[in-house]
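In: Predicted model follows, preceded by the sequence.
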Number of protein chains: 2
Amino acid sequence: MAPVIEVETTGKRMEELILDVQQKIVAGLEAIDGQKFYQDRWTKGEGGYGISCVIQDGNVFEKGGVNTSIVQGVLSQDAVQRMRANHDGIDRSAKELPFFAAGISMVIHPSNPMAPTTHLNYRYFELVNSDGKKIWWFGGGADLTPSILFEEDARHFHKLHKEACDRHDPTFYPRFKKWADDYFLIKHRKETRGIGGIFFDDLSDKDPEELFAFVKDCAYTFLPSYIPIMKKRKDMEFTEDDKEFQLIRRGFYTEFNVMYDRGTWFGLQAPNPRVESILMTLPLHASWRYNYQPKGERHKALIEATHHPVEWA
Amino acid sequence: MAPVIEVETTGKRMEELILDVQQKIVAGLEAIDGQKFYQDRWTKGEGGYGISCVIQDGNVFEKGGVNTSIVQGVLSQDAVQRMRANHDGIDRSAKELPFFAAGISMVIHPSNPMAPTTHLNYRYFELVNSDGKKIWWFGGGADLTPSILFEEDARHFHKLHKEACDRHDPTFYPRFKKWADDYFLIKHRKETRGIGGIFFDDLSDKDPEELFAFVKDCAYTFLPSYIPIMKKRKDMEFTEDDKEFQLIRRGFYTEFNVMYDRGTWFGLQAPNPRVESILMTLPLHASWRYNYQPKGERHKALIEATHHPVEWA
């Protein structure tokens, strides 16, 4: 298959960025865990490639994955429509459109209930309309899902992401923090899956290189936003109630991911979905207990924060 | 609120039936478990009532519920549309339609991985069009979800349901067995959640009393189809691999219920969903293990049957 899209500066730079970020994140997490990630490079003919890095039954991380994919080809109009979010200017009459996509996504579930689950995703997308006009955008974000809420951790994670945002546009953090609170809502429970972070999509209202610099800054913000928290929490003592609460929250996490997460949903609708890669985000263990009532004050504090999002930064 | 629908013979008889079936099933399961179900009667003003019967951390059953609800009121056209399956003759122009619904639903998850999870649901529905014409139908079925496949159990469960079907119409079992295999498909995994049973919807092509007699027969078939299996399996020895396999299958069960089950999906979309009742069907424990590979021949046998549905009866 000949390349169907001319990948230019920003796409190439995004490809280099996510591969570098992936290896740095993996190295950073391995240093905390002591166990190596399993790395697997896959290719899709000439249509693209990716690297899956997975850890399971680690010393610190129960389960986690850091995946990259760099793909190009043609997208059916149906698939374009299914993206749903507002990508103004996309040619709705074409039967199919050439596309390029480069993205990194990560979910990490630590074993210790004192240590938070975290998720990150940054992606760059290009489509070419029938008249040759290129439509491009960035999307992504990072968020934290503690079971036990340590306010200093929430503040640290948000503060570093706010600083990354503020270096590029003072309106970004307030907009993207709110967007994360809205996006990560478990609608039927009327509460968020965690304590948020930043989330954005369809970002294309500046020069692509300016936005690339912003995304790069965010992506390199992840390790300093998470590793110091893990160092403090990974070996903390916890009770059986804490562990049970963690399993219940992981049930909620599962509900969000399979019911509401757009990436999971669209991924699984694809003709031959890579189910293992897509559902790698699900926890190793989750529980659903009828009429579960949180027992401790610190469990109630987390629930309060997932019902009423807090301004952490 | 005055009653908005004149509930006649079949509706009343269905109400009596499901309340009786519920108590008989609860008594039958309690006799196996030794622990009592927690029973809770709820009302919705004059709009209806139901009884929730729940067992958790039992001696035999890890989690299970048997719920009835008998409700009436008006349904918005939007809600009517959301039922989606083919209910020919429904007035599509009315803003809202009076309705009556009586149903029983049950999910039982035993602890022992040798013992199968099972699910049952029978329901009767009435709508009144603006011209006063009543539209009614039955829906429901029962199915078995073993982790370890015992062919004699699968044959017993199917045989008894086939006999119940055959007493009323020889075309029922082949149609409803196939319908169950299609309905309980976990689409993204291209396999069914269990080994099926019977499933039907929109059933109204005979006299209502004839169909009521069929549904009654099916509902009373549940205990003799399940209890003998439980007696054989509840105390069997099992390995750690069997337990792990059960947890993985319960992850699949969760995926089906929250992603594809119509009752769950529509239930959770309601304005003020009874989330605890709706998600009572989820297992107490479930696991997602990256690249999980079944270890034993008996685990592979179950997977074979969920990929290629078997004619058990």
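Out: Arrived safely, thanks for sending. Numbers count the residues shown, from 1 in each chain, chains lettered A, B, ... in the order given.
In: For residue A:50, list the residues it contacts.
Out: A:41, A:42, A:67, A:68, A:69, A:70, A:71 (C-beta atoms under 8 Å, 6 or more residues apart in numbering or on different chains). All C-beta atoms are positioned from the backbone trio N, CA, C, and that covers glycine.
In: ok, now with 10 Å
Out: Contacts for residue A:50 (C-beta atoms under 10 Å, 6 or more residues apart in numbering or on different chains) come out as A:18-19, A:22, A:40-44, A:67-71, A:102-104, A:274, A:277.
In: What does the pLDDT read for the closest residue in space to it that isn't next to it in sequence?
Out: Residue nearest to residue A:50 in three dimensions, not counting chain neighbours: residue A:69, with 3.5 Å by C-beta to C-beta, 6 or more residues apart in numbering or on different chains. You'll see residue A:69 listed with a pLDDT of 93.
In: how many neighbours does residue A:69 have?
Out: 20 (other C-beta atoms under 10 Å in any protein chain shown).
In: Could you list which of the contacts of residue A:50 belong to helices?
Out: Applying DSSP state H to the contacts of residue A:50, the entries found in helices are A:18, A:19, A:22, A:277.
In: ok, the residue of chain A positioned farthest from its centre - contacts?
Out: Farthest-out residue of chain A from its mean C-alpha position, per C-alpha atoms, centre = their mean: residue A:131, at 33.2 Å. Counting by C-beta under 10 Å, 6+ apart, residue A:131 makes contact with A:91, A:94.
In: Put the buried members of the contacts of residue A:50 into a ChimeraX selection.
Out: The buried residues among these can be selected in ChimeraX (16 or more other C-beta atoms under 10 Å in any protein chain shown) with this line:
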select /A:18,19,22,67,68,69,70,102,103,104,274,277
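In: Restricted to strands, list the contacts of residue A:50.
Out: Among the contacts of residue A:50, the residues falling in strands (DSSP state E) are A:40, A:41, A:42, A:43, A:67, A:68, A:69, A:70, A:71, A:102, A:103, A:104.
In: Farthest-apart pair in the residues you listed, please.
Out: Spatial extent of the ones in strands among the contacts of residue A:50 (C-beta to C-beta) is set by the pair A:40 and A:102 at 18.1 Å.
In: Surely residue A:202 and residue A:139 touch.
Out: Yes: shown here, residue A:202 and residue A:139 form a contact pair, counting by C-beta atoms under 10 Å, at 6.9 Å.
In: Point me to the residue of the stretch 101-250 of chain A nearest chain B.
Out: residue A:188 (4.1 Å; C-beta to the nearest C-beta).
In: That residue: how many residues sit nearby?
Out: Neighbour count of residue A:188, defined by other C-beta under 10 Å: 20.
In: I'd say it and residue A:260 touch.
Out: Yes: in terms of C-beta under 10 Å, residue A:188 counts as a neighbour of residue A:260; the distance is 9.3 Å.
In: got the phi/psi numbers for residue A:131?
Out: phi -80, psi 10 (degrees, to the nearest 10).
In: Excluding covalently adjacent residues, which one is nearest to residue A:200?
Out: residue A:176 (4.8 Å).
In: three-state assignment of that neighbour?
Out: helix (DSSP: H, G, I helix; E, B strand; the rest coil).
In: That one: what's it in contact with?
Out: Contacts of residue A:176 by C-beta under 10 Å, 6+ apart are A:140-142, A:161-162, A:165, A:169, A:183, A:196-201, A:203, A:218.
In: State the distance from it to residue A:260.
Out: Noted for residue A:176: a distance of 18 Å to residue A:260, by C-beta to C-beta, to the nearest Å.
In: Quickly note the distance from residue A:189 to residue B:272.
Out: Distance of residue A:189 to residue B:272, given as C-beta to C-beta: 12 Å.
In: what's the worst-scoring helix or strand of chain A on mean pLDDT in contact with?
Out: Within chain A, no helix or strand scores below helix A:77-82, which has a mean of 78 by mean pLDDT, DSSP states H and E. With contact meaning C-beta under 10 Å, 6+ apart, helix A:77-82 is reached by A:75-76, A:87, A:90-97, A:99, A:127, A:262, A:265-266, A:269-271.
In: Mind listing what's buried along that helix?
Out: Residues of helix A:77-82 classed as buried by neighbour count (16+ other C-beta under 10 Å): A:79, A:80.
In: now swap in stretch A:95-103 and tell me
Out: Buried residues in stretch A:95-103, counted by 16+ other C-beta under 10 Å: A:97, A:98, A:99, A:100, A:101, A:102, A:103.
In: isn't the last one right up against residue A:66?
Out: Right, residue A:103. No: look at residue A:103 against residue A:66 with C-beta under 10 Å: they stay out of range, at 11.6 Å.
In: Quick check: neighbours shared by the two?
Out: residue A:18.
In: what does the stretch 51-200 of chain A put close to chain B?
Out: Along the stretch 51-200 of chain A, the residues adjacent to chain B under the rule C-beta under 10 Å from any C-beta of the partner chain are A:52, A:54-57, A:63-65, A:109, A:186-190.
In: Quick check: which ranges of the stretch 51-200 of chain A have low pLDDT?
Out: For the stretch 51-200 of chain A, the stretches flagged by pLDDT under 70 are A:83-85.
In: what are the ranges of the helices in chain A?
Out: Under DSSP H, chain A gives helices at A:9-33, A:77-82, A:151-166, A:172-183, A:208-233, A:240-259, A:262-269, A:275-278, A:297-307.
In: rank these by mean pLDDT and give me the bottom one.
Out: helix A:77-82 (a mean of 78).
In: Distance from that one to the middle of the chain?
Out: Relative to the chain's own centre, helix A:77-82 is displaced by 22 Å; criterion: C-alpha atoms, centre = their mean, to the nearest Å.
In: And stretch A:283-301, by the same measure?
Out: 23 Å.
In: Please apply the same query to stretch A:193-210.
Out: Distance, centroid of stretch A:193-210 to centroid of chain: 12 Å (C-alpha atoms, centre = their mean).
In: hey, C-alpha coordinates of it in PDB?
Out: Extracted C-alpha coordinates of stretch A:193-210, given in PDB (Å, rounded to 0.1, in the frame of the first residue of the first chain):
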ATOM      1  CA  ARG A 193     -14.200   8.100  38.200                       C
ATOM      2  CA  GLY A 194     -11.400  10.000  40.000                       C
ATOM      3  CA  ILE A 195     -10.200  13.500  40.800                       C
ATOM      4  CA  GLY A 196      -9.600  14.600  37.200                       C
ATOM      5  CA  GLY A 197      -6.700  16.400  35.600                       C
ATOM      6  CA  ILE A 198      -6.800  17.800  32.100                       C
ATOM      7  CA  PHE A 199      -8.700  16.700  29.000                       C
ATOM      8  CA  PHE A 200      -9.000  18.300  25.500                       C
ATOM      9  CA  ASP A 201     -10.000  17.300  22.000                       C
ATOM     10  CA  ASP A 202     -10.200  19.000  18.600                       C
ATOM     11  CA  LEU A 203      -7.400  21.300  19.500                       C
ATOM     12  CA  SER A 204      -6.400  23.200  16.300                       C
ATOM     13  CA  ASP A 205      -7.000  26.900  16.900                       C
ATOM     14  CA  LYS A 206      -3.400  27.800  17.000                       C
ATOM     15  CA  ASP A 207      -0.300  27.100  14.800                       C
ATOM     16  CA  PRO A 208       0.300  23.300  14.800                       C
ATOM     17  CA  GLU A 209       3.800  23.800  16.100                       C
ATOM     18  CA  GLU A 210       2.600  25.900  19.000                       C
END
